[in-house]
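**Q** predicted coordinates and the sequence they were generated for:
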Amino acid sequence: MPREFTPKVVTANHLLDGDVVYLTADERWSRRHEEAELLTDEAHATIRLLDAQRQVDTVVGAYLADARPGPRGPEPTHFREVFRTRGPSNYAHGKQVEL
Amino acid sequence: MYRYNDFERDFLAERNRQFRSQVERRIDGALTEEEFKPLRLMNGLYLQLHAYMLRVAIPYGTLNGAQMRQLAHVAERWDKGYGHFTTRQNIQYNWPRLRDVPDMLDALAEVGLHAIQTSGNTIRNVTADHFAGAAADEVADPRPVAELIRQWSTDHPEFQFMPRKFKIAITGAPNDRAVTAAHDIGLRIVERDGQIGYTVLVGGGLGRTPMIGKVLADFIPVEDLLPYLEATVAVWNAIGRRDNKFKARIKILVHEFGLDNLREEVEQEFALRRPIYAGGGDMALLDEIAGHFAPTALEVAPTGAYDAAHANDPVFRAWADTNLAPHRAEGYAIVTISLKKQGDTPGDATADQMRVMADLAERYAHDELRISHEQNVILPHVHKRHLPAIHAGLKAAGLATANIGLISDIIACPGMDYCALATARSIPVAQDIATRFEELKLEHDVGPLKIKISGCINACGHHHVGHIGILGLDRAGVENYQITLGGDGTEDAAIGTRTGPGFAYDEIVNAVETILKTYLALREDPSETFLQTYRRLGIAPFKAALYPEAKTRAA
């Protein structure tokens, strides 16, 4: 039996600085996870991923990452995606100080 | 120290010019990522979790003050003011912007450094004993041959698209400080009947299938080394598996095809290739290279300043007793500068610290530095009378931690704080272990111990050969850490044995403490090291201490 679809966001790295970005519903790439479009329908998610993967001059390595709704917008569910929203744990570098 | 000739300067400038053009074409959309990726990887540029990462080779770990100062400049100008020294004797910059990378590479080229073949399915940066040319136990300096291999392998047209990456390490001393048995090819310089030659190990490697290298050839004379290496890599390049990247390394070929069969193929290939080298051009080149590495003119002077500081200053004494190694020359010592201050990131140095080390090397240490695979920096030639001044300089820069070879001298890969391949974090685990044992004041009591931590199965942190190895995994969406015991990266190389089920992120430091308290309770006397106790008693008492519930169940 196929696994039930769980909500996703489209994420990638920005071409120029490599920073983590998220695809928004209004066709932007945001640096903030909570601004991502939360994709709850599998067919729509597939289309949004294809949309993202076509933007080869802006982003690199787009993929679908698990997410869930939160009070301020979509939140990551896996620890890897949590780290991607904030940066490394050994220095105050990356999103945790830049956003 | 090796200095580039005009050909090499031109080659590097041309290569950097090509890459600059490739970056420009990627940015303006003429190249897709699919087209650009192999090009950037050939030039050491990765895309990691939060940013790009530039991996710069420090060939066989050797550099001078000017090069170290340039590494500092690159860190400050284009990165976040620090660099990460790796287990492959490379330095990694964690935050470069794509547009800046060509400028970074040009700046590095000014001092003869590059990022060529620090990634991709090529022959990677050749690593060597970090005490090369200085160690008291050395048969011969491995660096001239390491440089010859660097030149031979750089842009070698036959070896640019191999089944997988290929790593060569070389030691000139019987005490193996270069982990040669864990490389695709490990070379050990040996002397036989007055002749210098090489024992060639093949098929070592860590990663998902850890293997200890096996002896492919007992003794290859120096004039046969390059054709023999070339034959070995060529055979693997031709028949090594390309259907499955996890089975592509030469260790799998050794395992599946058999060592004797491989040796036979290599011998045949060697017979074909040897005549190509019959002109001796490579030997003439080696002679020229060896001239660059002529032994430093060492001074003869009294060591009174050292003796006085050692007798009177307990902080200096603790550092000297822990961080110095015997030099081949009377009155000299090898200094290991710890990049493992408790609580800091293993292998990281700030731009200021790099400059301090460069200054000290130029002023007191014959302008030589080394990067060790254990992520520390070495001053290989220091007259003992300079040690008090060096210690004072290091102390002021936060670099005088007296912990070489002890519990907080931990190898840790970048793990999931940076690496896109990682399955768990390694750096904070290393930080927490070091801090815990500092608080417990047990570091010197525990004595010689090598803890090595990898944040994924690829084992950049060499966990398989750690006395205590820690492997971070993703278990059902949670970080989980497996422990192995009894690994050894020296000439007695051994792969560690797993203790059992892994530990959660917040349990792993306690588990290490449990292991070491068990060791302290069971050792025969303080002179018996952790590894010796483990070898005497086996894994059972450590398992019993780690998993008391299993013992209860068995009872």
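**A** Received the coordinates, thanks. Numbering: from 1, shown residues only, chains lettered A, B, ... in the order given.

**Q** every contact and neighbour count from this point should use C-alpha atoms.
**A** Fine.

**Q** counting neighbours, what do you get for the closest residue to residue A:7 other than its chain neighbours?
**A** Among residues not flanking residue A:7 along the chain, residue A:40 sits closest, at 4.6 Å (Cα to Cα, 6 or more residues apart in numbering or on different chains). Using other Cα atoms under 10 Å in any protein chain shown, residue A:40 has 15 neighbouring residues.

**Q** give the contact list for residue A:40.
**A** A:5, A:6, A:7, A:8 (Cα atoms under 8 Å, 6 or more residues apart in numbering or on different chains).

**Q** weed out the non-buried ones from the residues you listed.
**A** A:7, A:8 (16 or more other Cα atoms under 10 Å in any protein chain shown).

**Q** just the ones of the contacts of residue A:40 in helices?
**A** Using DSSP state H, the subset of these located in helices is empty.

**Q** inside strands: which ones of the contacts of residue A:40?
**A** Counting by DSSP state E, the part of the contacts of residue A:40 found in strands is residue A:8.

**Q** get me the contact residues on chain A for chain B.
**A** Proximity of chain A to chain B (Cα under 8 Å from any Cα of the partner chain) is limited to residues A:13, A:15-20, A:56-57, A:60, A:78-80, A:83-84, A:87-90, A:94.

**Q** can you tell me which of those are buried?
**A** Counted by 16+ other Cα under 10 Å, those give A:13, A:15-20, A:56-57, A:60, A:79-80, A:83-84, A:87-89, A:94 as buried.

**Q** tell me the contacts of residue 27?
**A** All of this is about chain A. Contacts of residue A:27 (Cα under 8 Å, 6+ apart): none.

**Q** actually it's chain B I care about, not the one you picked
**A** Applying Cα under 8 Å, 6+ apart, the residues near residue B:27 are A:15, A:16, A:57.

**Q** could I get these as a markdown table with distance to residue B:269?
**A** As requested, the contacts of residue B:27 are exported to a markdown table (distance: Cα to Cα, whole Å):
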| residue | distance to residue B:269 |
| --- | --- |
| A:15 | 44 |
| A:16 | 46 |
| A:57 | 46 |
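
**Q** just the closest of the residues you listed to residue B:364, please.
**A** Closest approach between the contacts of residue B:27 and residue B:364, by Cα to Cα: residue A:16, at 42.2 Å.

**Q** read off the pLDDT value for the closest one.
**A** Looking at residue A:16, its pLDDT reads 98.

**Q** how much space separates it from residue A:60?
**A** 9 Å (Cα to Cα, to the nearest Å).

**Q** all strands of chain A, in order?
**A** According to DSSP E, the strands that chain A contains are A:8-14, A:20-23, A:29-30, A:59-68, A:75-76.

**Q** which of the residues in the longest one are buried?
**A** The one in question is strand A:59-68. Quick answer for strand A:59-68 (16+ other Cα under 10 Å): A:59, A:60, A:62, A:63, A:64, A:65, A:66, A:67, A:68.

**Q** stretch B:69-78 now?
**A** With the criterion 16+ other Cα under 10 Å, stretch B:69-78 contains buried residues B:69, B:70, B:71, B:72, B:73, B:74, B:75, B:76, B:78.

**Q** out of the residues you listed, who's near chain A?
**A** Within the buried residues of stretch B:69-78, nothing lies near chain A by Cα under 8 Å from any Cα.

**Q** which of the residues you listed fall within helices?
**A** Short answer: these in helices (DSSP H) are B:69, B:70, B:71, B:72, B:73, B:74, B:75, B:76, B:78.

**Q** excluding chain neighbours, what is closest to the first one?
**A** Nearest non-adjacent residue to residue B:69, counting by Cα to Cα, 6+ apart: residue B:355, 5.3 Å away.

**Q** could you measure from the one you found over to chain A?
**A** 21 Å (Cα to the nearest Cα, to the nearest Å).

**Q** now residue B:278
**A** Distance from residue B:278 to chain A, by Cα to the nearest Cα: 49 Å.

**Q** what's the local residue count around residue A:99?
**A** 9.

**Q** now do the same for residue 64: its pLDDT.
**A** Reading this off chain A. 98.

**Q** the intended chain is chain B.
**A** 97.

**Q** show me the contacts for the closest residue to it other than its chain neighbours.
**A** Nearest in space to residue B:64, with sequence neighbours left out and distances taken as Cα to Cα, 6+ apart, is residue B:368 at 4.7 Å. Shown in contact with residue B:368 (Cα under 8 Å, 6+ apart): B:1, B:62, B:63, B:64, B:65, B:361, B:362, B:379, B:380, B:381.
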